[in-house]
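[1] Provided below are the primary sequence and the corresponding predicted coordinates.
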Amino acid sequence: MAAANEARDPAKAPRQGLARDVITPEGVPLRFELASRSERATALIIDLMILFAAIIVLVLLAALGVGFGGASGWGVAFALLAFFALRNFYFTFFELRWHGMTPGKRLLQMRVIDRYGGRLRPESVFARNLMREVELFLPLSLVASAGSIGTGNWSILFALVWASLFTLMPLFNKDIMRAGDIVGGTWVIKAPRSRLLPDMVQAAVAGSEAADPEAPGYAFTREQLEIYGIYELQTLETVLRQEGPTAHETQVEVCERIRRKIGWQGEEELQPRRFLEAFYAALRAHLENRMLFGERRESKHDRKK
């Protein structure tokens, strides 16, 4: 019934042409909605504004603290160095730290994912953001420095065409990928805020006994929780957040796969949603406890410590 209501709710349905299915390593298909071209452009503009504001603040602080002066050679050198460092590490830092989000993407509720269903790897993040140097910053740097290095109009025109071709690339492919996404194997998807993780855990721990006193409780051993890592926890979170006509079927399939994987013995007729919420809460508590002792397990493929 809930799935049918969600299917009739147009606000919860993916926009036409932007829905994509990703097959996780467990073989479970998850449906995501790609971020639109305008949303990606807006997020980039926001990030660039933050980036340039940070550079201006750094230059002003350097000028005030060291007495460089706006037009001095040291001031220009510091500005160039700060611009190089920030433009190369701003996007990478935030996407690694915030699970595929930058401030601009976070504001517009978007994030980067691996389009083959795996966890977002650091090398993919580095690759997609290194390409931005080739796509945008390098040609714009050539245009900005044209007067000082004496390049001709043809060189400026070439740089502008170069930047335009890369910038407009998302307009000419159905997956709205820029060159960095192609190289890094990534998609940028919508990541709407729903329930916060603490709320989800609290609901799972408390269960729904208040609403249903006969609701089953599920307990898991340490050995069962040791099978999975952080990536699987994040994938399970995505499954629990999923909405739409296929959400229930996905939860049933994931529930059965987890049950077989961990060798869980119990009642035959499970309540998939409650089982997954209980397993999510237990797994998260287990992983957080491990991290308190300096043990971080990224995925089920990491060797147990």
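    It's in.

[2] could you chop this protein up by domain?
    Domain assignment for the chain by automatic domain parsing gives 34-190, 197-292.

[3] by mean pLDDT, show me the worst of these.
    Comparing mean pLDDT over the domains of the chain, the weakest stretch is domain 197-292, at a mean of 76.

[4] and that domain, how far from the chain's centre?
    From the chain centre to the centre of domain 197-292 is a distance of 22 Å (Cα atoms, centre = their mean, to the nearest Å).

[5] what's the answer for stretch 20-31, then?
    16 Å.

[6] now that stretch: buried residues?
    Buried residues in stretch 20-31, defined by neighbour count with 16 or more other Cβ atoms under 10 Å: 20, 22, 24, 26, 28, 30, 31. Using the backbone N, CA and C atoms, a C-beta is placed for each residue, glycine as well.

[7] then it to CSV, C-alphas only?
    These are the backbone C-alpha positions of stretch 20-31, laid out as CSV (Å, rounded to 0.1, in the frame of the first residue of the first chain):
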residue,chain,number,x,y,z
ARG,A,20,19.3,5.3,-13.3
ASP,A,21,19.8,1.9,-11.8
VAL,A,22,23.1,0.9,-10.2
ILE,A,23,23.9,-2.7,-9.4
THR,A,24,25.7,-3.0,-6.1
PRO,A,25,28.4,-5.7,-5.6
GLU,A,26,25.7,-7.7,-3.8
GLY,A,27,23.7,-7.8,-7.1
VAL,A,28,21.0,-5.5,-5.7
PRO,A,29,19.7,-2.8,-8.1
LEU,A,30,19.3,0.6,-6.6
ARG,A,31,17.5,3.5,-8.4
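
[8] about what we covered before: okay, the domains of the chain in JSON lines with mean neighbour count next?
    Formatted as JSON lines, the domains of the chain follow (neighbours: other Cβ atoms under 10 Å):
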{"stretch": "domain 34-190", "mean neighbour count": "16"}
{"stretch": "domain 197-292", "mean neighbour count": "16"}
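
[9] the buried residues of stretch 20-31 in strands, which ones?
    Within these, residues falling in strands by DSSP state E are 20, 22, 30, 31.

[10] so among the buried residues of stretch 20-31, where is pLDDT lowest?
    Within the buried residues of stretch 20-31, pLDDT is lowest for residue 26, at 65.

[11] after the lengthiest helix in the chain, next one along is what?
    Using DSSP state H, we find that the single longest helix of the chain is helix 37-66. Counting by DSSP states H and E, the next helix or strand C-terminal to helix 37-66 is helix 73-97.

[12] now that following helix against helix 37-66, angle please.
    140 degrees (axes from the mean of the first three to the mean of the last three Cα atoms, to 10 degrees).

[13] got the contact list for helix 73-97?
    Outside of helix 73-97, the residues within contact range by Cβ atoms under 8 Å, 6 or more residues apart in numbering are 47, 50-51, 54-55, 58-59, 62-63, 66, 68-69, 101-103, 112, 120, 122, 125-126, 129-130, 132-133, 137.

[14] ok, now stretch 171-183?
    17-18, 20, 34-37, 40, 115, 127-132, 134-135, 166, 169-170, 186-188.

[15] pull out the CA atoms of it and give them to me as PDB.
    C-alpha atoms of stretch 171-183 as PDB (Å, rounded to 0.1, in the frame of the first residue of the first chain):
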ATOM      1  CA  LEU A 171      24.700  19.000 -22.600                       C
ATOM      2  CA  PHE A 172      25.600  16.300 -25.200                       C
ATOM      3  CA  ASN A 173      25.300  13.000 -23.200                       C
ATOM      4  CA  LYS A 174      22.200  11.600 -21.600                       C
ATOM      5  CA  ASP A 175      24.000  10.800 -18.300                       C
ATOM      6  CA  ILE A 176      25.000  14.500 -17.900                       C
ATOM      7  CA  MET A 177      28.700  13.600 -17.400                       C
ATOM      8  CA  ARG A 178      31.600  15.900 -17.700                       C
ATOM      9  CA  ALA A 179      35.000  14.600 -18.700                       C
ATOM     10  CA  GLY A 180      36.000  14.100 -15.100                       C
ATOM     11  CA  ASP A 181      33.000  11.800 -14.500                       C
ATOM     12  CA  ILE A 182      33.900   9.700 -17.600                       C
ATOM     13  CA  VAL A 183      37.500   9.400 -16.400                       C
END
